[in-house]
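[1] Show me how the following folds:
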Amino acid sequence: MAEKKVRWKVGAFELEVEGDDAFVDSQLDRFFKIVGERGAIPDQSSQAVHLRTSPADAEAATRHAKELSPAEYIREKRPETGTEQLIVLVKYLEDNKGQNEFGKKDINKLAREAKLKDIHSQYFTYAVKQGLLRTVGTGKYAITLSGEDLVLRLPKSTKSET
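    You can find the predicted model right below:
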């Protein structure tokens, strides 16, 4: 079965889910039921905003990332904070190494390859609290759709800037 990732936001309520079609549909039904019970959807004029990145944009970004070294990818995305730097490295690791789950050692190895200093443990905590990473076991993490969206929103340097 095909896996899909979806993120919906209605007012202050947000849901991010991934899995097969039946699972995602059941979770969306539960979400809208809960949101409706809490009065977040008072009438038909309220609209849910679908925040999923278009597959074409994600595919183009992934294809481009595979053409760059870790250092070039960091230089292109220009992360400004330690958390952004972590998420950019995670996205590179996922796109180029096919690693959907990773530990701190994996990221720090990639950071050294990109000629960066090790990523401090606190940035992993910040990224989880901000919903950019999720824990998938003891000492293992995975990027969320919010994390992927962050990387896609980061600026791209032009040839004249580098």
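
[2] what's the straight distance from one end of stretch 133-143 to the other?
    Start and end residues of stretch 133-143 are separated by 5 Å (C-alpha to C-alpha, to the nearest Å).

[3] Just give me how far that stretch sits from the chain centre.
    12 Å (C-alpha atoms, centre = their mean, to the nearest Å).

[4] Then stretch 9-19?
    14 Å.

[5] At which residues are the strands of this structure located?
    For the chain, applying DSSP state E gives strands covering 4-10, 13-19, 49-50, 133-137, 140-143.

[6] what about the ones you listed, which gets the closest to Arg38?
    Arg38 sits nearest to strand 13-19 of all those, at 7.5 Å, using C-beta to C-beta. Glycine gets a C-beta too; all of them are placed from N, C-alpha and C.

[7] Mind listing the strands the closest one pairs with, and their directions?
    Sheet pairing for strand 13-19, assigned by DSSP bridges, gives strand 4-10 (antiparallel).

[8] for the strand it pairs with, what is the average pLDDT?
    On average, the pLDDT along strand 4-10 is 74.

[9] Render the CA-only coordinates of that strand in CSV, please.
    The C-alpha coordinates for strand 4-10 follow below in CSV (Å, rounded to 0.1, in the frame of the first residue of the first chain):
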residue,chain,number,x,y,z
LYS,A,4,1.1,9.2,2.4
LYS,A,5,1.8,12.1,4.7
VAL,A,6,-0.8,14.8,5.5
ARG,A,7,-0.9,17.8,7.7
TRP,A,8,-4.1,19.8,8.4
LYS,A,9,-4.6,22.9,10.5
VAL,A,10,-7.9,24.2,11.7
